[in-house]
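got a predicted structure plus its sequence, pasted below:
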Amino acid sequence: MTAFWRAVWIIARKDLAIEARSRELINTTVFFALSCVVVFSVSFVGEGGDGRAMGEAAAGILWIAIAFSGTLALGRTFERERYGDTLRALLLAPGARPAVYVGKLLGVVMLLLATEVIIVPLVAFLFQARLFDHALLLVSLLVFGTVGFACVGTLFAAMLGRARSRDVLLPILLYPVTIPVMIAGVRGTAALLAAEPQLEMARVWTMLLLSFDVVFVTLSLWTFESVMTE
Amino acid sequence: MRKAFVPLLALAGLIFMTAPILIMRARYESTMGLVQKIFYFHMPPAMLMLLSAIFCGLISMLYLIKKRPVYDWIAFAAAELTVLYGAMAMVTGPLWARKAWGVWWVWDARLTMSLLLWMVFVSYLLLRRYGGPGSETLAAGLALFGMATSPFVYLSVNIWRTLHPLTSVVPTLPVDFAFALWYAFLGFLLLYIALMTMRVRIEEQRALVDQLYLESEE
């Protein structure tokens, strides 16, 4: 088991080291998320409005920004491996195959959480959304939601590594499958943003996200092996 | 299975020809009147879509374990039929909803769930069509995830919003309703099996042609 986690850590550290040098993904992802927020604000904030009292829309904008920029980051992580022709080397490396998956997942989740650290205060700032009144619940919604989205996303991005038209196919395959994450994330955040925060509702959504994570991480670990074997 | 194709298709055809008589004879539903008759052609495809999606997911799982091409052909056929039956349900549904609820579409739990499930299988077909070589395995993974995600979609949309008549009304239907309904269901089921047989056979032949082609090249 320790060998497994060591392999996981080496892979995640490798990705983070590359990222720390180039900062390519974090820069592009954060900027892309910002663009999403601005585009949505154009369609939801009316003339002369200051974005207040749009609680539900703010929750939606936040999660759409996360999902869209997450897709971008997922595509790039594996594009990098493909570019250097290193995915095969990674898969041939001694150690359990699923460790490659978990390592990649860890890298993606860390990257997305870093993006969220910037994007969540930004949404709170731009839309006067009281996102931090129940910080703990919000953080658990974000963490579980990100893991749920990323665990399916990492597997699909890895699978599509060799496919044709992979850039188009990733969001097409990913969004319908991860829609429960979006629903739970958006509704949970909206429950927190309501005039009278519905904490009980937010907790229900958090639990749903957690169970989604458990099922899909398990399933991905099982599928990764057979899908990545040529 | 191949020999059963013609009789299956003939039987399905016979049922589809006679079903309108039963549907016409079935009692008028008191509040919705004539428009309720669309039910006999709405519920069976909708239900078969769901069953077909589960079937596709299970067969795909088997394919991932055993890697035998025949499972891939069956899963491919099941995915196509899921999309086809889903399309039937999506056409008959709004026609009925327009009359019964006054709108073409509502974001009710069951409708949202069906639409999303249908979308998963449309994306499956897109993957098979544009994914290039090796997309069989990827598609199998997708079908498995599509199946696994449906209970979560069901739960989440149920917590989120709940107008569609419950499934639990079906066993309590008056006898002539129920008979016409299950008769139509049988017709759709036989059609499903017939199409499945044909589709698997096409894939089988295609694989054979590919193999012969490779052999003649050598």
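Yes, it's here.

okay, CA-based contacts and neighbour counts for the rest of this
OK.

how about the residues of chain B near chain A?
Contacts of chain B with chain A, taken as C-alpha under 8 Å from any C-alpha of the partner chain, map to B:64-65, B:116-117, B:119-120, B:123-124, B:126-127, B:130-135, B:137-138, B:141-142, B:145-146, B:149, B:152-153, B:156-157, B:160.

whichever of those residues end up buried, select them in PyMOL.
Selection command for PyMOL covering only the buried members of the residues of chain B next to chain A, criterion 16 or more other C-alpha atoms under 10 Å in any protein chain shown:
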select buried, chain B and resi 64+116+117+119+120+123+124+127+131+134+135+137+138+141+142+145+146+149+152+153+156+157
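
out of the residues of chain B next to chain A, which are inside helices?
Among those, the ones falling in helices (DSSP state H) are B:64-65, B:116-117, B:119-120, B:123-124, B:126-127, B:130, B:135, B:137-138, B:141-142, B:145-146, B:149, B:152-153, B:156-157, B:160.

list the contacts of residue B:189.
Going by C-alpha atoms under 8 Å, 6 or more residues apart in numbering or on different chains, residue B:189 touches residue B:48.

surely it is within a helix?
Yes: per DSSP: H, G, I helix; E, B strand; the rest coil, residue B:189 lies within a helix segment.

how about the nearest residue to residue A:223, chain neighbours excluded?
Nearest non-adjacent residue to residue A:223, counting by C-alpha to C-alpha, 6 or more residues apart in numbering or on different chains: residue B:141, 6.7 Å away.

where along chain B do the strands fall?
Ranges of strands in chain B, per DSSP state E: none exist.

and the residue nearest the centre of it?
residue B:49 (2.4 Å; C-alpha atoms, centre = their mean).

can you count the residues close to the residue lying closest to that residue once chain neighbours are set aside?
Nearest residue to residue B:49, sequence neighbours excluded (C-alpha to C-alpha, 6+ apart): residue B:82, at 4.8 Å. If you count neighbours by other C-alpha atoms under 10 Å in any protein chain shown, residue B:82 ends up with 28.

residue B:82 reaches residue B:46, doesn't it?
No: with contacts defined as C-alpha atoms under 8 Å, residue B:82 does not count as touching residue B:46, sitting 9.2 Å away.

picking that back up, the residue nearest to residue B:49: what's it in contact with?
Applying C-alpha under 8 Å, 6+ apart to residue B:82 gives the contacts B:48-50, B:52-53, B:118, B:121.

quick revisit: what's the distance between the residue nearest to residue A:223 and residue A:19?
Separation of residue B:141 from residue A:19 (C-alpha to C-alpha, to the nearest Å): 29 Å.

show me what from chain A comes close to chain B.
Counting by C-alpha under 8 Å from any C-alpha, the residues of chain A close to chain B are A:156, A:159-160, A:162-166, A:169, A:172-173, A:176-180, A:183-184, A:187, A:208, A:212, A:223, A:226-227.

rewinding a little: in JSON lines, list the contacts of residue B:82 along with distance to residue B:185.
Converted to JSON lines, the contacts of residue B:82 look like this (distance: C-alpha to C-alpha, whole Å):
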{"residue": "B:48", "distance to residue B:185": "9"}
{"residue": "B:49", "distance to residue B:185": "12"}
{"residue": "B:50", "distance to residue B:185": "13"}
{"residue": "B:52", "distance to residue B:185": "14"}
{"residue": "B:53", "distance to residue B:185": "17"}
{"residue": "B:118", "distance to residue B:185": "19"}
{"residue": "B:121", "distance to residue B:185": "22"}
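
quick check: closest non-adjacent residue to residue A:65.
residue A:33 (4.9 Å).

and for residue A:212?
In this structure, residue A:212 finds its nearest non-sequential neighbour in residue A:148, 6.5 Å apart by C-alpha to C-alpha, 6+ apart.

could you look up the SS state of the one you found?
helix.

how about the contacts made by it?
Counting by C-alpha under 8 Å, 6+ apart, residue A:148 makes contact with A:178, A:181, A:209, A:212-213, A:216-217.

and the helix or strand where residue A:114 lies, what's buried?
Using DSSP states H and E, residue A:114 sits in helix A:97-126. Across helix A:97-126, burial judged by 16+ other C-alpha under 10 Å covers A:97-113, A:115-116, A:119-124, A:126.

can you report phi and psi for residue A:165?
As for residue A:165, its main-chain torsions (degrees, to the nearest 10) stand at phi 40, psi 50.

which other helices and strands contact the lowest-mean-pLDDT helix or strand in chain A?
Across the helices and strands of chain A, mean pLDDT, DSSP states H and E gives its lowest value to helix A:87-92, namely a mean of 80. Counting contacts by 3 or more C-alpha pairs under 8 Å, 6 or more residues apart in numbering or on different chains; DSSP states H and E, helix A:87-92 packs against helix A:97-126.

now the strands for chain A?
Under DSSP E, chain A gives no strands.

could you find the closest non-adjacent residue to residue A:172?
Closest to residue A:172 by C-alpha to C-alpha, 6+ apart is residue B:123, at 6.2 Å.
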